[in-house]
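> here is the input, now give the coordinates:
(2 chains)
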2 protein chains.
Amino acid sequence: MTPAPAASAGGLKPLVLTMGEPAGIGGEITLKAWLGRDQDFPPFVALDDPARLDALARGLGLEVPVRTIENLDLAASVFATALPVLPRPLEVEVVPGKPATGNAGAVIGSIETAVSLVRSGHARAVVTNPIHKGALYEAGFNYPGHTEFLADLAGIDSRPVMMLACDELKVVPISVHESLAAAVRGLKQEDIVTAGEITAFALSRDFAIGRPRLAVAGLNPHAGEGGAMGREEIDIIGPAIARLSEGGVDAFGPVSPDSLFTADARASYDVALCMYHDQALIPIKTLDFDGAVNVTLGLPFVRTSPDHGTGLDIAGRGRARPSSLIAALKLADRMAECRDAGA
Amino acid sequence: MTPAPAASAGGLKPLVLTMGEPAGIGGEITLKAWLGRDQDFPPFVALDDPARLDALARGLGLEVPVRTIENLDLAASVFATALPVLPRPLEVEVVPGKPATGNAGAVIGSIETAVSLVRSGHARAVVTNPIHKGALYEAGFNYPGHTEFLADLAGIDSRPVMMLACDELKVVPISVHESLAAAVRGLKQEDIVTAGEITAFALSRDFAIGRPRLAVAGLNPHAGEGGAMGREEIDIIGPAIARLSEGGVDAFGPVSPDSLFTADARASYDVALCMYHDQALIPIKTLDFDGAVNVTLGLPFVRTSPDHGTGLDIAGRGRARPSSLIAALKLADRMAECRDAGA
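Okay, here's the model as predicted:
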């Protein structure tokens, strides 16, 4: 990686926060996150359209001075009194709830700039607001999602791993956006091993956990009860755990899925490897709906995002809650600090 | 049903509590539940071997006077100062953790007696301790489980519905003990409709909820996102909800499974209908591992049980927690009260 510039006159390098879908709640939660900053809050720069953020703040009655900056070195000093914005002008006026293909270029450009800034060492980490894939596809975007686009920009071949994190629990789903039938059919030893390895490495580097302990969930009720209710634990998951252990990863299981997320059980591991989307998402959203953060593991930079969608249905009404974005900003800051300390 | 006898001299009719697997933790939690009784605790009678309960209490240092009774009318008055036991003598000495086929007759007899007492109106409700099916199968028991045996004793043809309940959440899984692949493959409109109808009726009768509101979960991530990640919501679950609504049940969904169990979401319904075992069990055990109760809906009497197994691995050591059994006894009492009030 490019060597990082020395710390600027403004102090700490900032986080960069992408625009996300401008017709969604991204702008509103960005403004509210700045308003919610406390003393130790990590300075961030919004890669967004300053005029639209300013108008949005006025429209919602949020007292947020928006300050355009061209140089990230100024971000930290500006941040105390105004929201620093590196301009990515929109082309089409924003109608809340109605994504416009004409703004896809700015949405994508915001992500590209964020990656470029973090890779050149001008920013500490990337935090992304939610995008609306439909609007981007119409404009020619052809990635399955945000994460795959970031992986491509980062120049890596492997698929990054999604982790959801809150104070009480970290979970990694082995599969994400596919039907449950496809997830069950497609469960592979190789995917469990790869996800386990990437997760263990990332928890060690970015969370300062010396030897991360991975709990691996079963797929079936009661983890199959010795093959009586499904054989995936015997044929796929057990062998994957054995390979992880042989490779030096501290992994155990397969654990009965319904007993993996109790308070006692959670105290026994650092992260739970889950066999499908909802096995991971149900417990974390049950425990902490507002504070869960989406973390991408396996990228050459730190990236987090709030664990919710674009909120098109509530956009522009002042009802969006910034708690997940605030948690995402704080977690990106802590992860970048761990990574820098270990670098 | 046989008319209930008038309230006895002893006052309130008791609950009957079955023995369950004697080599498991059933005896220990029965003794501890009696010790944990508070002022409003519902009197219960254990259908068990008085000598083994007495020996167990002494062995574990639990000060529980065991009193043999032959007439349930005496139970309530005895209960204040001793644990009333209607004798079901064991044939083989109990070795903790080692179920003996020779005791299967007493285990089964305890369940049969409980059903007979509640059906004749001598007991208010049945609470069952966990059984070990392996030991019973060897003795010729040929039901898939406890619930099916109870249904047969009750003389009903339809499959009863399992509900898990804690203070914060009630869930009904459409399928239970089968592999996840089989549960996905076997998901049927008919089963959702039947479970929904039985559940709505039971919540109204046994929980005094005038018009129960049922949230129906999707099967796939994000409830399939309009067919992009699985079609079961469109082909099976949606039509089942429509049929429930046409039949007068207040049902809505399919709801994205990962957002169905947040505090806000839970406030919007009385019970969640879940499409497979762990979709129901993960959130309730995450919320309340010790206090969740297993309730059987669709029987002609009230039946609850603790939401855990026989605990063979910790039997006889004094470590078993009675909280789920205590919750099961209290819930059975409240349900019987509702049912009696409405009868």
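> could you use CA atoms for every contact and neighbour count after this?
Fine.
> what residue in the stretch 51-200 of chain A comes nearest to chain B?
With Cα to the nearest Cα as the measure, residue A:179 is the residue of the stretch 51-200 of chain A nearest to chain B, at 4.4 Å.
> mind checking how far that residue is from residue A:39?
44 Å (Cα to Cα, to the nearest Å).
> who's more crowded, those two?
Here residue A:179 and residue A:39 are set side by side on neighbour count (other Cα atoms under 10 Å in any protein chain shown), and the busier one is residue A:179, at 25 against 6.
> the more buried one reaches residue B:218, doesn't it?
No. Using Cα atoms under 8 Å, residue A:179 is not in contact with residue B:218; the gap is 10.9 Å.
> need the overlap of contacts for these two.
Overlap of the contact sets of residue A:179 and residue B:218 (by Cα atoms under 8 Å, 6 or more residues apart in numbering or on different chains) consists of residue B:224.
> can you get me a residue count around the closest residue to residue A:337 other than its chain neighbours?
Nearest residue to residue A:337 in three dimensions, chain neighbours excluded: residue A:206, at 7.9 Å (Cα to Cα, 6 or more residues apart in numbering or on different chains). As a burial measure, residue A:206 scores 21 neighbours (other Cα under 10 Å).
> flag every residue of chain A that's near chain B.
A:176-181, A:184-185, A:219-221, A:224, A:229-230, A:257-259, A:261-263, A:277-279, A:281-283, A:285-289 (Cα under 8 Å from any Cα of the partner chain).
> filter the residues you listed down to the ones in helices?
Within these, residues falling in helices by DSSP state H are A:180-181, A:184-185, A:263, A:277-279, A:281-283, A:285-287.
> show me which pair in those residues is furthest apart.
A:185 and A:263 (30.8 Å; Cα to Cα).
> more crowded one of the two?
It is residue A:263, of residue A:185 and residue A:263, that has more neighbours when counted by other Cα under 10 Å, with 16 against 11.
> buried ones only from the residues of chain A next to chain B, please, as a ChimeraX command.
Buried members of the residues of chain A next to chain B can be picked out in ChimeraX with the line below, counting by 16 or more other Cα atoms under 10 Å in any protein chain shown:
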select /A:176,177,178,179,180,181,184,219,220,221,224,229,230,257,258,259,261,262,263,277,278,279,281,282,283,285,286,287,288,289
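> all helices of the stretch 51-200 of chain A, in order?
Counting by DSSP state H, counting those that start in this stretch, residue ranges of the helices within the stretch 51-200 of chain A are A:75-79, A:104-119, A:133-138, A:146-154, A:180-185, A:189-206.
> pLDDT at residue A:216, what is it?
pLDDT recorded at residue A:216 is 98.
> right, I mislabeled it, should have said residue A:303
Reading off the confidence values, residue A:303 has pLDDT 98.
> what's the distance between it and residue A:164?
In this view, residue A:303 and residue A:164 are 12 Å apart by Cα to Cα.
> quickly list what's touching both of these two.
Shared contacts of residue A:303 and residue A:164, defined by Cα under 8 Å, 6+ apart, comprise residue A:295.
> looking at these two, which is more packed in?
When neighbours are counted by other Cα under 10 Å, residue A:303 and residue A:164 differ, and residue A:303 comes out ahead with 30 against 23.
> just give the number of residues close to the closest residue in space to residue A:145 that isn't next to it in sequence.
Leaving aside its sequence neighbours, residue A:145 sits nearest to residue A:133 (Cα to Cα, 6+ apart; 7.0 Å). Other residues within reach of residue A:133, judged by other Cα under 10 Å, total 19.
> hmm, residue A:142 and residue A:133 touching each other?
No. Contact criterion Cα under 8 Å: residue A:133 and residue A:142 do not qualify, at 9.2 Å.
> give me the common contacts of those two.
Here residue A:133 and residue A:142 have no joint contacts, going by Cα under 8 Å, 6+ apart.
> in the lengthiest helix in chain A, which residues are buried?
Identified as the longest helix of chain A according to DSSP H is helix A:323-342. Neighbour-count burial for helix A:323-342 flags A:323-339 (criterion: 16+ other Cα under 10 Å).
> how about stretch A:196-209?
A:196-208.
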